[in-house]
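Peer 1: need a structure here:
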Amino acid sequence: METNNKASASFWPDTMAGKQVQTRLADDRTLQAIDHLLARIDTLEAAVDKLSTLMHQGPGLVAMAGDMLDETYRSADARGVSIEERLGTALGMAEKLTAPAMAEKLDGLLTITDQLPGLIAMTMDTYDEGMKQAFDNGFDPRTLMETASAANTALTNAKGEPPVKVGGIFGLLRLLKDPDRQKGLGFLMNFLKHFGRNI
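Peer 2: Modelled structure (predicted):
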């Protein structure tokens, strides 16, 4: 029996199948594939070794994690932070957020959010139309801003000065000789004229 096995082993390379296997084994791609498989086996062996080490260290790691959690809890408690209370609050919030009524409200909010671009566009169109009508009626935002700025500067400067002593009607007439006051009074008279015309 042993003689037959030796004879077939020595005869195998001479067969057609044996020659094909030898040809494939001599091919560069086959050799690279075998080398790649061997490298994978080495990597797999290293991973199994690491897994085995972790399994042996598992109970110690779990105990260490438990100790860290205990220390965190004690540290928070020393600072007056109640973790149970905060977790309870968080769970209460989660319960409220997942309640059917809140889900309906959130769904409505999402619907409004979806419609928001259209609402903004409609608002802008309304604003543009209103501004166009105002311009057609003589509204000039630049003049309004310039006048408001001048009024703000005048108020700031007047507040920084002591009040002027008028001292009667003759004192008032003397003060009205000031060119700046005459200019302001003239502006006020023009404003009253045009304002009266439009009301």
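Peer 1: okay, now the domains of this protein?
Peer 2: As assigned by automatic domain parsing, the chain contains the domains 1-81, 167-199.
Peer 1: and the ones you listed, which one is worst for confidence?
Peer 2: Ranked on mean pLDDT, the bottom entry among the domains of the chain is domain 1-81, at a mean of 73.
Peer 1: the longest helix in this protein is where?
Peer 2: Ranked by residue count and defined by DSSP state H, the top helix of the chain is helix 28-78.
Peer 1: same question for the helix or strand following that one, mean pLDDT?
Peer 2: For helix 28-78, the following helix or strand on the C-terminal side (DSSP states H and E) is helix 83-98. What helix 83-98 shows for mean pLDDT is 79.
Peer 1: tell me the buried residues in helix 83-98?
Peer 2: By neighbour count with 16 or more other Cβ atoms under 10 Å, helix 83-98 contains no buried residues. Every C-beta, even on glycine, is put in place using the N, C-alpha and C of the backbone.
Peer 1: so what secondary structure elements neighbour the following helix or strand past it?
Peer 2: Toward the C-terminus, helix 83-98 is succeeded by helix 100-136 as the next helix or strand (DSSP H and E). Applying 3 or more Cβ pairs under 8 Å, 6 or more residues apart in numbering; DSSP states H and E, we find helix 100-136 packed against no helix or strand.
Peer 1: could you check the angle helix 100-136 makes with the next helix or strand after helix 100-136?
Peer 2: Later in the chain than helix 100-136, the nearest helix or strand by DSSP H and E is helix 141-160. Relative orientation of helix 141-160 and helix 100-136, computed by axes from the mean of the first three to the mean of the last three Cα atoms, to 10 degrees: 100 degrees.
Peer 1: buried ones in helix 141-160?
Peer 2: Across helix 141-160, burial judged by 16+ other Cβ under 10 Å covers no residue at all.
Peer 1: what sits up against it?
Peer 2: Gly184 (Cβ atoms under 8 Å, 6 or more residues apart in numbering).
Peer 1: so what's the most centrally placed residue in the chain scoring on pLDDT?
Peer 2: In the chain, the residue lying closest to the centroid (Cα atoms, centre = their mean) is Thr113, at 16.8 Å. We have a pLDDT of 79 for Thr113.
Peer 1: the one 10 residues further on too?
Peer 2: On pLDDT, Thr123 comes in at 84.
Peer 1: burial measure for it, as a count.
Peer 2: 10 (other Cβ atoms under 10 Å).
Peer 1: try Ala76
Peer 2: Other residues near Ala76 come to 13 when the count uses other Cβ under 10 Å.
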